[in-house]
Structures are given as structure tokens and as C-alpha cells.
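Undergrad: Turn this into a structure:
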Amino acid sequence: MGEMAPFPVVLEKGERELRRVEGVILKGRDATARGPLLLTNLRLIFNGKWDFKEPAYFEWSLGDILGCDVKKQRFGKKKLLVAFKTVLFKLRKVQKKQTSPRTLVYTFTDIDQPEVLKSEIMKQIETYKKSPPPKAEKCPSCGAEIPAEATFCPACGGKVR
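TA: Got it, this is the predicted structure:
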């Protein structure tokens, strides 16, 4: 099987890229992925490739991130930990929003100045939570209410933007 290209990242209306960190490693349970980590005014996005060359795409709304921390690893390197309960991910042609009853933590390594990135993420979360909530819209597929910043319907998972 040939190498697949990463998924394209499309910024939503009113969304701005604030910081991009290249060559970040996302540590999974059984594999690692390498790629850029993007911070926007609405989301944190990892868009890379797994060791076995499949695309690895993960997206967190700033409202879904519970917190960030920087911990020291062996040999003095530092890692960024991101805690959340809801994540949107894409695998091949499938996209899925997953919510966990317990807090999940993903680990990112190979970040230059992880403390700076952590403080930028936390600042954006604070700004995001202070902004007035957008008006809810209806999903064209199932009629459920969806937040204005949502890309996918929380009820049926269909793409709304």
C-alpha cells in the first residue's frame, strides 16, 4: 500500500491560524505520528502521519480542552500534555467525533519551547470561553441544533460546513 497524503486543513469562516509547530510527535497507545500542530482562535489541530504512513488527523475545539501541562521526560526533554473529553478524528475516509466519560490525555513531544505553546493554548481557551456563544443552527440532515462554530453535527456526525 502506498503512502497517503495528510488530510487538508480548512480554516472556518472567522478562524485564524495563530501558531504552527512543525515536526511534533503525537504518542499513541500503539504507534506514533509526526506532523504539524496548529493553534487557531477556535481549535487545536494535529495533522500528520502515523509511522505506518496513514494520515493522522485530530482536532479539538478550544471549548473541549480541559487543560494543558508540560512535564519533563527522561534525558531532560519536555512533553506537552493536552487533557480533553471530546476529539474529532479522521481515519482514511471516516471522520468521527468521540466523547469519553473520563478525561483523556494526549502527549506531544519534539516541541520547541512547550511552555510558550502551553500558555498560548490556555490564553486562547480563556478568550474562547469569554466570547459570546454563537447562535445555534439546524443540521440540514437530521434537524438537530448545532453550534455555529461546529463543522460536524453532534447528533448525526454529518458535515454542516
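
Undergrad: domain ranges for the protein?
TA: 17-130, 135-161 (automatic domain parsing).

Undergrad: Looking only at residue counts, what's the top strand in the chain?
TA: Counting residues, the longest strand found in the chain (DSSP state E) is strand 94-109.

Undergrad: can you give me the helices for this structure?
TA: Across the chain, reading from the start of the chain, the helices by DSSP state H fall at 114-130.

Undergrad: which residue is nearest the middle of it?
TA: Glu59 (2.5 Å; C-alpha atoms, centre = their mean).

Undergrad: I'd like to know the beta-bridge partner residues of the nearest residue to it once chain neighbours are set aside.
TA: Of all residues beyond its chain neighbours, the one nearest Glu59 is Leu88 (4.4 Å), with distances taken as C-beta to C-beta, 6 or more residues apart in numbering. Backbone N, C-alpha and C define where each C-beta goes, glycine included. Counting by DSSP bridges, Leu88 is bridged to Glu59, Lys97.

Undergrad: list the contacts for Leu88?
TA: Residues counted as contacts of Leu88 (C-beta atoms under 8 Å, 6 or more residues apart in numbering) are Phe58, Glu59, Trp60, Gln95, Lys96, Lys97, Gln98, Thr151, Phe152.

Undergrad: let's see it at 7 Å
TA: Taking C-beta atoms under 7 Å, 6 or more residues apart in numbering, we find Leu88 in contact with Glu59, Gln95, Lys97, Phe152.
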